[in-house]
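Trainee: coords please:
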Amino acid sequence: MDSPSTSPTGIVMFTLASLLCSCSGESVLSVGDEAAPNPPVVNVALNRTRTTNEGLLPAMGPHGYPITEGDSMDPAIIESRRFYDVLAQLSFTAEQEAVSISTPRTEPWVAGVTSPMNLDEWKRVFQFPDRQAGESLDAYRERAGIVVYYNRNELGLGRELGCSQFPAGTDKNGQPRTGIACYVTNYGYAFRDPRNSLDLAHDGGHPKNTVCIAYLPNMDPGYEVQFFVYGPSGRRQDWAQLDTIGPRANPHVCMNCHGGVYDEQRHLAKFARFLPLDPNVVSFGDPGENPAITRPVQEERIRRLNALSLRTPITSGQKQMLQELYQGGVENPGTVSQPNWAPPGWRDTPEHRELFDQVVKPYCFTCHLAMEKGLDGSRLYSYGIFESADRFRSFPANVSICGDFAMPNAQTTMVNFWNSDLGPIMVGGKAYHAPADALLGFYGKDRSSCANIGEVSTCNRGPDPDLNCGNPDSGMACNRLSGRCLPQRGMGVLADSKGPVGYCRMDGSRRCTYPMQCQPAKDRLPGLETFDGVCMPCGGPGAPACN
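Mentor: Sure thing, here's the model as predicted:
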């Protein structure tokens, strides 16, 4: 349920090198004596199920959004709209239509013609409870079972997650069927900005976008899980942007992590999965600052959401994950999730358990447990390699990790996987600069075995180094001296906790992520002399209104 993929047409053939981790001198670095290396700066992300233009849509409209009308519109936008139309014609039941037409609409919508055009209508269709007059947001979230957290290792955004159950017709025996729908509203001025993202999520008033997933049991087998995207205003979108690189089309953008493949003949996602939420790999509110969104306060809500995922067609690996996380009690009220869990195949030695807990679980496991089948229904080889440390070791990890740097296949996950800013990690009594070094050490290798590691570990390369850090509307800049992308770096840690959220140029050639504003910089940083503006928040709690 937490989190969002792309591929060629027909039967999907994935190279083993592209499927190891998602969502992730000597073999052991002497971290006390060596300078911490820069993480690789690569633009390989969220392109697993749609390979055209690396999965990206041309971003030439206002705010860096893709053009969605006229001759310049990307064909993927047309396909996304066809997907929404086909989904509506096949899935919405009489019960859902009755719900939608019995409540006021903010925009016209006709069931069976296309999917709901705005988020409020989508929530009505899937029977989410309304917030009552005078009810505080914290009280509503508690009543509706909504969870708020910071997604530190996948997107680097604050998130609000809620799920519902709804009637979905009857089966062939006339028995009623129940569907499940979940939404995740993303918050943050910028990616990997924990300083603001969790506060914005707690405030709930300034969303970045909302991605939705629905289990529709009346659909044909394999097609029961489908996706929707809604923008900051709540209007339906054909795309979502989940990193600094650029926007990507729905449903491909979601399937990068939720698994499955796109059936271009039927115009639907196939074999996609819900993602159970492991509270150990996300962050929650501080008791002194945001007590309503701490982990203990939300623990029971998380358990209920995870129990709902069991009623959808999740994979056997995902079921085992919930078994280990809750020690078999996920459906028992009051059961608390375990902080340090591991599958049996990773519990044979302390080293294997530590590697799983610090590397495999946060950088690979969530997405790969959902990636089970290809378009023809065959089981992907990569799905089984996570069952044990021995099976994992048999895979040539260095090819996918540092041969083509294709994995982890998400920008924030990739940055965190290679980043050493928070200090060394310990695996098997040995210190490593970053999770990537620990995994390479597991195979008896180190960074020197990675082809072109020196070249790709700096953004200061190519005709426009800033594009290595993000598109022109990302607020990102390449420091020419350090080779680092600024201002965000690793694990959600801003370079300066009180500094700007981004960098820009007053002539408009490098802009800020909407809805931030570019303001003149008082001083120019060494290595960023060409940037005369800084991106400052607007419109959110404690921030001035946007112009």
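
Trainee: hang on, residue 511 packs against residue 471?
Mentor: No - at 9.3 Å, residue 511 does not count as touching residue 471 under the criterion of CB atoms under 8 Å. The way it works is simple: take the backbone N, C-alpha and C, and place the C-beta from them, glycine included.

Trainee: just the strands in the stretch 401-547 of the chain please.
Mentor: 425-427, 430-432, 477-478, 485-486, 488-489, 493-494, 502-504, 517-520, 533-536 (DSSP state E, counting those that start in this stretch).

Trainee: Compare the mean pLDDT across those and name the weakest.
Mentor: Ranked by mean pLDDT, the strands of the stretch 401-547 of the chain bottom out at strand 493-494, with a mean of 46.

Trainee: Against residue 212, how distant is the closest residue in space to residue 250 that isn't next to it in sequence?
Mentor: Counting by CB to CB, 6 or more residues apart in numbering, residue 229 is the residue found nearest to residue 250 once chain neighbours are left out, at 4.5 Å. Using CB to CB, to the nearest Å, residue 229 is found at 7 Å from residue 212.

Trainee: What of residue 462?
Mentor: 37 Å.

Trainee: Look at those two and report which has more neighbours.
Mentor: residue 212 (23 against 10; other CB atoms under 10 Å).

Trainee: Figure out the helix or strand that that one lives in.
Mentor: strand 209-215 (DSSP states H and E).

Trainee: Check which element follows that strand along the chain.
Mentor: strand 225-230.

Trainee: still on that earlier bit, for residue 511 and residue 471, list the residues in contact with both.
Mentor: Common neighbours of residue 511 and residue 471, using CB atoms under 8 Å, 6 or more residues apart in numbering, are residue 64.

Trainee: Could you check the pLDDT of the closest residue to residue 60 other than its chain neighbours?
Mentor: Excluding its sequence neighbours, the residue lying closest to residue 60 (CB to CB, 6+ apart) is residue 67, at 5.6 Å. Note for residue 67: predicted pLDDT of 92.

Trainee: Then residue 526?
Mentor: At residue 526, pLDDT is 93.

Trainee: Kindly report the same for residue 499.
Mentor: For residue 499, pLDDT reads 65.

Trainee: ditto for the one 10 residues further on
Mentor: At residue 509, the pLDDT value in this model is 95.

Trainee: From residue 501, how far out is it?
Mentor: 19 Å.

Trainee: Which one's more surrounded, those two?
Mentor: residue 501 (21 against 11).

Trainee: Please tell me I have it right and the more buried one contacts residue 517.
Mentor: No - if you go by CB under 8 Å, residue 501 and residue 517 don't touch, sitting 10.2 Å apart.

Trainee: Between the two, which contacts overlap?
Mentor: Contacts common to residue 501 and residue 517, judged by CB under 8 Å, 6+ apart, are 535, 536.

Trainee: burial measure for residue 91, as a count.
Mentor: 23.

Trainee: could you check the distance from residue 130 over to residue 212?
Mentor: Relative to residue 212, and taking CB to CB, residue 130 is found at 17 Å.

Trainee: and residue 418, what does it touch?
Mentor: Residue 418 sits in contact with 39, 40, 434, 435, 436, where contact means CB under 8 Å, 6+ apart.

Trainee: Look up the pLDDT of the fourth one for me, please.
Mentor: It stands for residue 435. Reported pLDDT for residue 435: 94.

Trainee: Over to the second one?
Mentor: The per-residue pLDDT reported for residue 40 equals 92.

Trainee: where does the stretch 51-200 of the chain dip in pLDDT?
Mentor: By pLDDT under 70, the weakly predicted segments of the stretch 51-200 of the chain are 93-112.

Trainee: Do a quick rundown of the helices in it.
Mentor: Listed in chain order, the helices of the stretch 51-200 of the chain (DSSP state H, counting those that start in this stretch) span 75-91, 94-101, 119-125, 137-144, 194-203.

Trainee: With the stretch 251-400 of the chain instead?
Mentor: Under DSSP H, counting those that start in this stretch, the stretch 251-400 of the chain gives helices at 252-258, 295-309, 316-326, 350-355, 366-368, 381-384, 389-393, 397-402.

Trainee: who touches the longest one?
Mentor: Where contact means CB under 8 Å, 6+ apart, the residues beyond helix 295-309 that reach it are 1, 142, 145-149, 161, 163, 165, 180, 182, 274-277, 279, 284, 291, 318, 322, 325-326, 330-331, 333-337.

Trainee: Selecting buried members of these in PyMOL, what would you type?
Mentor: Here is the PyMOL command that selects only those of the contacts of helix 295-309 that count as buried (16 or more other CB atoms under 10 Å):
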select buried, resi 1+142+145+146+147+148+149+161+163+180+182+274+275+276+277+279+284+318+322+325+326+330+335+337
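
Trainee: By residue count, tell me the biggest strand in this structure.
Mentor: Using DSSP state E to define each element, the chain has its longest strand at strand 157-170.

Trainee: What strands flank that strand, and is each parallel or antiparallel?
Mentor: Neighbouring strands of strand 157-170 in its sheet, by DSSP bridges, are strand 147-151 (antiparallel), strand 176-187 (antiparallel).

Trainee: coming back round to it: report the two of the contacts of residue 418 separated the most.
Mentor: Maximum pairwise distance among those (CB to CB): 12.9 Å, between 40 and 435.

Trainee: picking up where we left off before, looking at the residue nearest to residue 250 now. What's its pLDDT?
Mentor: 98.

Trainee: Ok, the one 4 residues further on next?
Mentor: You'll see residue 233 listed with a pLDDT of 93.

Trainee: which SS class is it?
Mentor: coil (DSSP: H, G, I helix; E, B strand; the rest coil).

Trainee: Can you give me the distance of it to residue 320?
Mentor: 40 Å.

Trainee: Which of these two has more residues huddled nearby?
Mentor: Remark: of residue 233 and residue 320, residue 320 carries more neighbours, 15 against 10, as counted by other CB under 10 Å.

Trainee: Distance-wise, check the closest residue to the more buried one other than its chain neighbours relative to residue 142.
Mentor: Nearest non-adjacent residue to residue 320, counting by CB to CB, 6+ apart: residue 343, 6.1 Å away. Residue 343 is 33 Å from residue 142, where distance means CB to CB.

Trainee: Then residue 533?
Mentor: 42 Å.

Trainee: same deal with residue 241?
Mentor: From residue 241 over to residue 142 (counting by CB to CB), the distance is 31 Å.

Trainee: residues touching residue 67, list them.
Mentor: 58, 60, 61, 73, 74.

Trainee: If we use 7 Å, what do you get?
Mentor: 58, 60, 61, 73 (CB atoms under 7 Å, 6 or more residues apart in numbering).

Trainee: Ok, residue 371 next?
Mentor: Per CB under 7 Å, 6+ apart, neighbours of residue 371: 259, 380, 382, 383.

Trainee: Around the last one, count how many other residues there are.
Mentor: Using other CB under 10 Å, residue 383 has 19 other residues around it.

Trainee: can you check the first one too?
Mentor: Burial of residue 259 is recorded as 31 neighbouring residues (other CB under 10 Å).

Trainee: now the third one
Mentor: When neighbours are counted by other CB under 10 Å, residue 382 registers 23.

Trainee: and the gap between it and residue 368?
Mentor: 7 Å.

Trainee: Show me which residues of stretch 38-57 are buried.
Mentor: 38-50, 55-57.

Trainee: circling back: identify, out of the strands paired with strand 157-170, the most deeply packed stretch.
Mentor: Stretch with highest mean neighbour count among the strands paired with strand 157-170: strand 147-151 (a mean of 26; mean count of other CB atoms under 10 Å).

Trainee: what's the angle from that strand to helix 295-309?
Mentor: For strand 147-151 against helix 295-309, the angle by axes from the mean of the first three to the mean of the last three CA atoms, to 10 degrees is 100 degrees.

Trainee: mind checking how far strand 147-151 is from the chain centre?
Mentor: 12 Å (CA atoms, centre = their mean, to the nearest Å).

Trainee: cool, and stretch 174-183?
Mentor: That offset, for stretch 174-183, works out to 25 Å (CA atoms, centre = their mean).
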